[in-house]
Structures are given as structure tokens and as C-alpha cells.
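Participant: Next input, structure requested:
(one chain, ligands or ions: 1)
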Amino acid sequence: STREWQQMDAAHHLHPFSDAASLNAQGCRVITHADGVYLWDSEGNKIFDAMSGLWCVNIGYGRKELAEVAYQQMLELPFYNTFFKTTHPPVVELSALLAEVAPEGFNHVFYTNSGSEGNDTVIRMVRHYWASLGQPSKKTIISRINGYHGSTIGGASLGGMSYMHEQGDLPIPGIVHIEQPYWYANGGDLTPEEYGLKAARELEKKILELGVENVAAFIGEPVQGAGGIIIPPSTYWPEIQRICDQYGILLVADEVICGFGRTGHWFGSQYFGIRPHLMTIAKGLSSGYQPIGGVLVHDQVAKVLAESGDFNHGFTYSGHPVAAAVAAENIRILKRERIIEKMREDVMPYAHKLWHDAFDNHPLVDDVRTLGFFFAVTLVEDKASRKRYANGGELALRCRDICFANNLVMRATGDSMISAPPLTMTRAEADEFVAKAKACVDQLARELGRL
Ligand code: PLP
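Facilitator: Now for the predicted structure:
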């Protein structure tokens, strides 16, 4: 029964990113099955998952083809490694498929189990790259405040979440952070375009301060996801690209959330027209059906790695046959059913309009943002002055709880309410999603006397 599961869970299971005492006092909701954009809990409630799990179930739940492929692969070859001059069909096929869908010049991939391990791989790979070119002092990696790059020591160090740095004495040496391109919070009197340039030039300042001979790379998510769906002003990424080109440092796009269609393109880098050297991938790579991640490597870097002897790095499950087979089938489905193109041409503009119609004139929210299948709003005290609530984080958590009680999964990040539904969401489902989200924000607004 639900109660028994909750009690056993509380007795034995330590949850990620959770305060055990409050979680156990409340009792976890037990999710038992899923289909399309919906989850069901053990009490039979049908829940709209407007977060695609953790931004990963891009093709939606319940695709039997993926289960079939996993089953067949387990029968044929459940495990073999790719370390010592061996390979296997699923990993070969997946690698070729990735080269096909990735931007030009990305013909190689290094596999991991997760996005965090992908970013750890990035740290070691960029340092190995520069050392192989005879520039071992080029070690420092510049990333951004509020970026999220995972939970391993390397990933959490690259990440710019101060609450993660506080635990475990992070960041590790050789990683520094600059401002995030968040115009609404930091832009002051500047236009978004002026502010985008200013935020990007923080990178240039930092490179000059550290000395270009010490800087290996810059890493950023095309759209910061866990940081609150922060969509940079249009001037930001072109200026970052100019700076990376001018100083000859590697540009790394963390595509763990943006990759595989979230922005309406295969990769967020394509949406913003940037040309990274490395791209971290995970999540949508398998639509979350199997744990798998990796780093897509541009020819420029791959060529140097190929000539540099052993790269002493890898995981038992790098390119795991079952995960690789599932990821390959996921990509085939995305291609065959034109899921990304269809979303971009049809439901995306439709859902953007619904979101703006629901929230542009809402008294409690501002900075209403849409891009691809990203949707967000910020809770604000006064729109005219862009004044935010001192307890905005608490209010957003209250709003998230209202959503969950009403069978809608959205996330609260700081004082933003954010959402990223499966790319397969239909128009009718978009109607339902936005109507529910609006009803929940309305409820909070009434509680605060703002409606
Ligand atoms: N990078 C980004 C942009 C992410 O959003 C995440 C996870 O949310 C990660 C890396 C870490 O991925 P994982 O949780 O698979 O280790």
C-alpha cells in the first residue's frame, strides 16, 4: 500500500537534493507508472508531468520500442566494455547516429553514464588537450554563477550553485565563475542587448585577469536550466563566441538539457548559432529510458586526442550496450517521427502563445519566458520596478506544492516557476498544461491578496 511504501522509503532511502526530515514527515508520493505526458501515483491520481521527469523524457513515457530494444540487447549482449580494443554493435551504431544528428565537425563521442560524469570528462579532456599541445598551464575553466553542471565533485565545482559549494568544500582549484546572463535580475537600466554584451565581456575580463596562458575553456548551458530557465539576451552568445575565438580558448556547451530537441533544434548551440568544441550530452540522449551521457568532440579536439596516446579516463559502463541500444532507438524515433521539427512548427508556437496569453498580464508574475519547450515566469512584487519578493524562493515552493496537489509537476527555482514538458505534448495537452499552471499561479496570487 502507499503507506507501506512510504514507511519503507523513509526507513531506508536517502533521496537526492532532499531534506530527509521534512520529506519523511510528509511522506513521498509514490509514482507507479507513466504514459505520454502523464504519470500515475499509487493512489490512482493522474499527474501532468510538465518537467519530463528531470528534463529528460523528451519523447514521452511508454514507448514500447525502447523496452523491446533493451530486452533484445540484454538477451544478446547485456554487457561488454569498450576499454581494451573491443567494441560492440550498439555503441558503434549510436556513435554513427550521433555524428549524423550533431552539428558539422562533431564526428566523435566519449561515453559516460550521466551528465555529471560528462562534465568531469570535459575537465580532464580539455586539460589533456592543452597539455598534449605543450601548454600544460592552460588548466583553468571558466563557468557561470547559477550554472548547473552536475553533482560529482567536478560537476558541482563547474556549477555555480553556492549552496552546493558550501557542502564538500567546493569548487576544486582551477575553476572560476563569472556572472550569469540574467537581464531581469542584473540588467539594471541597460537594455537586454546592452546587458548581454556586458555579461559576456565578464569572460574577457576574467581571461585577462587570469592570463590567457592559464585558461583552458569556458563552459555554459545554452539556456541555463536548473538555474531557472535563464534565456540570455540575443547579444550574449555571439559575444562569448567572439571572445573564445579571439583568445583561442575552448568553448564547451553543456547540452545536457538543451540537447535532443528542447530548444526546437537538435542542440541548443544550433539555436544560438554557436560553434563549441565540446558538447556534454545526457538526459534526452536516451529520453531518460536508460542512464547514459557523454561528450561530443569536435574534429579539432579529436585530432589532437588521437595523436596524444592514452587518455587515462573511462567508466565500466562507458557505452553500455543496453543503454547505447536504447539511446540509438530513441534517436531513430526522434528522426523517423520528426518529433523536433513537428514540435517546432506546430505545438511550440501554439503553446508559447497560450503561455503569454495566460501570464503576460498576470499581476503576480513577470519576465514571462518561452523558448522551445521551456516555459517560465518569475513571481514579482511590483512589475514596473522589477521588484522581487524578499521571500520569493518560499513563495515559489508554495506554488510548486499547489501545482503538485493539483496533479501538475512544475519546478520552483529561486523565485521562478519553470517547466519543460515532453516534446510530444499535443495542442490539447498544451491547453491542459497552461490552464492548470495558470489556475495554480492564480491560487497563490489569491493567497497573497494579489488577485
Ligand atoms: N548539466 C546540466 C545542464 C544538467 O541540467 C544536469 C542535470 O540536471 C547535469 C549536467 C548533470 O546530469 P546528471 O544528473 O545526469 O549527472
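Participant: Return the residues in contact with Tyr350.
Facilitator: Going by Cβ atoms under 8 Å, 6 or more residues apart in numbering, Tyr350 touches Arg427, Ala430. (Glycine included, C-beta is placed from N, CA and C.)
Participant: at 10 Å what do you get?
Facilitator: Residues in contact with Tyr350 (Cβ atoms under 10 Å, 6 or more residues apart in numbering) are Met425, Thr426, Arg427, Ala430, Asp431, Val434.
Participant: Once you drop chain neighbours, what's closest to the single nearest residue of the stretch 351-451 of the chain relative to the ligand?
Facilitator: Going by Cβ to the nearest ligand atom, the ligand is nearest to Ala420 of the stretch 351-451 of the chain, at 10.2 Å. For Ala420, ignoring the flanking residues on the chain, the nearest one in space by Cβ to Cβ, 6 or more residues apart in numbering is Trp55 at 4.9 Å.
Participant: likewise Gly392?
Facilitator: In space, Gly392 is closest to Asp415, 2.7 Å off (Cβ to Cβ, 6+ apart).
Participant: wait, isn't the one you found in contact with Arg388?
Facilitator: Yes - under the criterion of Cβ atoms under 10 Å, Asp415 is in contact with Arg388, at a separation of 5.6 Å.
Participant: Name the residues contacting each of the two.
Facilitator: Ala185, Asp367, Thr378, Leu379, Val380, Glu381, Leu395.
Participant: give the contact list for Leu210.
Facilitator: Applying Cβ under 10 Å, 6+ apart, we find Leu210 in contact with Thr140, Ile142, Val176.
Participant: Tell me the spacing between the residue nearest to Lys387 when sequence neighbours are not counted and Ala390.
Facilitator: In this structure, Lys387 finds its nearest non-sequential neighbour in Glu381, 4.7 Å apart by Cβ to Cβ, 6+ apart. To Ala390, Glu381 is 8 Å away according to Cβ to Cβ, to the nearest Å.
Participant: More neighbours: those two, which one.
Facilitator: Counted by other Cβ atoms under 10 Å, Glu381 and Ala390 do not tie: Glu381 has more neighbours, with 17 against 10.
Participant: and the residue most central in space within the chain, which of the three is it?
Facilitator: Geometric centre of the chain, nearest residue: Ile257, 2.5 Å, by Cα atoms, centre = their mean. Three-state assignment for Ile257 (DSSP: H, G, I helix; E, B strand; the rest coil): coil.
Participant: With His356 instead?
Facilitator: Here His356 is recorded as helix under three-state DSSP.
Participant: next one: Leu98
Facilitator: Once three-state DSSP is applied, Leu98 turns out helix.
Participant: Spell out which residues sit in contact with it, please.
Facilitator: 106-109, 111, 279, 281, 285, 294, 296, 327-328, 331.
Participant: so of these, which ones are in strands?
Facilitator: In strands, defined here by DSSP state E, the members of the contacts of Leu98 are Phe106, Asn107, His108, Val109, Tyr111, Met279, Ile281, Gly294, Leu296.
Participant: the helices in the stretch 201-350 of the chain, which residues?
Facilitator: With DSSP state H, counting those that start in this stretch as the criterion, the stretch 201-350 of the chain has helices at 236-247, 268-272, 299-306, 321-336, 339-342, 348-359.
Participant: Rebuild the ones you listed as JSON lines, extending it with mean pLDDT and distance to the ligand.
Facilitator: Converted to JSON lines, the helices of the stretch 201-350 of the chain look like this (pLDDT from 0 to 100; distance: least, Cβ to the nearest ligand atom, whole Å):
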{"stretch": "helix 236-247", "mean pLDDT": "98", "distance to the ligand": "16"}
{"stretch": "helix 268-272", "mean pLDDT": "98", "distance to the ligand": "10"}
{"stretch": "helix 299-306", "mean pLDDT": "98", "distance to the ligand": "19"}
{"stretch": "helix 321-336", "mean pLDDT": "98", "distance to the ligand": "12"}
{"stretch": "helix 339-342", "mean pLDDT": "98", "distance to the ligand": "18"}
{"stretch": "helix 348-359", "mean pLDDT": "98", "distance to the ligand": "21"}
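Participant: Distance-wise, check the residue nearest to Ala420 relative to the ligand.
Facilitator: The gap separating Trp55 from the ligand is 6 Å, by Cβ to the nearest ligand atom, to the nearest Å.
Participant: these two touch, right, that residue and Glu255?
Facilitator: No - look at Trp55 against Glu255 with Cβ under 10 Å: they stay out of range, at 11.5 Å.
Participant: what residues are shared contacts of those two?
Facilitator: Both Trp55 and Glu255 are contacted by Arg262, Ala282, Lys283, Gly284, under the criterion Cβ under 10 Å, 6+ apart.
Participant: Put together JSON lines for these, with neighbour count and pLDDT on each row.
Facilitator: Below are those laid out as JSON lines (neighbours: other Cβ atoms under 10 Å; pLDDT from 0 to 100):
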{"residue": "Arg262", "neighbour count": "31", "pLDDT": "98"}
{"residue": "Ala282", "neighbour count": "30", "pLDDT": "98"}
{"residue": "Lys283", "neighbour count": "27", "pLDDT": "98"}
{"residue": "Gly284", "neighbour count": "28", "pLDDT": "98"}
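Participant: State the pair within those that is farthest apart.
Facilitator: Across the shared contacts of Trp55 and Glu255, the longest distance by Cβ to Cβ is 12.3 Å; it joins Arg262 and Ala282.
Participant: residues bridging contact with these two, i.e. touching both?
Facilitator: Counting by Cβ under 10 Å, 6+ apart, the common neighbours of Arg262 and Ala282 are Trp55, Cys56, Glu255, Val256.
Participant: Can you pick out the most distant pair from those residues?
Facilitator: Taking Cβ to Cβ, the two most distant members of those are Cys56 and Glu255; they sit 12.6 Å apart.
Participant: Between these two, which contacts overlap?
Facilitator: Gly115, Arg262, Ala282, Lys283, Gly284, Leu285.
Participant: Many thanks, have a good one.
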